[in-house]
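# heads up, no residue letters with this:
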């Protein structure tokens, strides 16, 4: 198969209604998306008028069912889904048309080769794709794990930058209850015998009143430990912490429970990037530089906004547009 660039990410740019009354000083740029009163997805503000989310999060035919909370509690409706962005649509073939591009989903990449001025991408199932250029958007955790092989190998400078940047151990779990038995505050802190064990809780009722959801945040060792536990073990551990926090209350079983699997998911191998003491600004150039016809994008390539969704979006857009200009030239 021949095409100018490969991509696998589908995102939506969504326009908000009633944005004129929003305050300029929005310190929390996260967006929570609700459908018929239930939280279904999250996103990030691009500016006062638009936010970014995954393509699967919103059914464009049912916009009246959705509401979003912005900046930690400002409630808005969705005006319109302006654009579905597939990064491959930003690139043209060297003949200047898009008539022969291919989009493939659910393909796990195992090998990438620079070969005779082309790039060959091979999946774990043995399917091979050939392109003039390829944009790689693997997470930093996947790059650090070496589970994708590059031939020739990536440069020493790039590999050093990959290994020097940090990729966090972070897990979140959500407990939904029929009623809120906890204090009506935004966050709850528990001081257990083991430092950090089920310590940090957030009251989602402060974002969406009446949802009766608690968010448990686990970091570092605790996130790593939870990644070796099944869902029921994590849930029971969290309920035990709540029972210790509220001994006068018989803690009910949650109506629903869900947790992230970022640490064990082979497509992420961690949660988000962070700046380590050894990492320098000049390392960011090595981290993002192209190697032959292989180009790179991702949340870890934002000098100031790494770790956030809008960093991934801006990085992907900028890399694709640079490649598109070079193809046209």
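Alright, I've got the coordinates. Since we're looking at a predicted model, the values are computed, not measured. Numbering: from 1, shown residues only.
# can you give me the helices in the chain?
For the chain, the helices defined by DSSP state H occupy 140-145, 156-164, 221-227, 231-245, 281-288, 309-328.
# Might you list the low-confidence residue ranges for the stretch 51-200 of the chain?
Using pLDDT under 70 as the threshold, the predicted model of the stretch 51-200 of the chain has low-confidence ranges 71-75, 78-103.
# could you pull out the strands for it?
Secondary structure of the stretch 51-200 of the chain, counting by DSSP state E, counting those that start in this stretch: strands at 66-70, 74-86, 109-115, 118-123, 128-131, 134-136, 149-151, 166-167, 170-176, 187-189, 200-203.
# Export those to JSON lines and append columns for distance to residue 297 and mean neighbour count.
From N, CA and C alone the C-beta is placed, and that goes for glycine too. Formatted as JSON lines, the entries for the strands of the stretch 51-200 of the chain read as follows, by distance: least, Cβ to Cβ, whole Å; neighbours: other Cβ atoms under 10 Å:
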{"stretch": "strand 66-70", "distance to residue 297": "26", "mean neighbour count": "20"}
{"stretch": "strand 74-86", "distance to residue 297": "13", "mean neighbour count": "15"}
{"stretch": "strand 109-115", "distance to residue 297": "14", "mean neighbour count": "17"}
{"stretch": "strand 118-123", "distance to residue 297": "15", "mean neighbour count": "18"}
{"stretch": "strand 128-131", "distance to residue 297": "15", "mean neighbour count": "17"}
{"stretch": "strand 134-136", "distance to residue 297": "6", "mean neighbour count": "25"}
{"stretch": "strand 149-151", "distance to residue 297": "16", "mean neighbour count": "14"}
{"stretch": "strand 166-167", "distance to residue 297": "16", "mean neighbour count": "22"}
{"stretch": "strand 170-176", "distance to residue 297": "22", "mean neighbour count": "20"}
{"stretch": "strand 187-189", "distance to residue 297": "34", "mean neighbour count": "13"}
{"stretch": "strand 200-203", "distance to residue 297": "30", "mean neighbour count": "19"}
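# wait, which of those strands is closest to residue 260?
Proximity of the strands of the stretch 51-200 of the chain to residue 260 was assessed by Cβ to Cβ; the nearest stretch is strand 170-176, lying at 5.2 Å.
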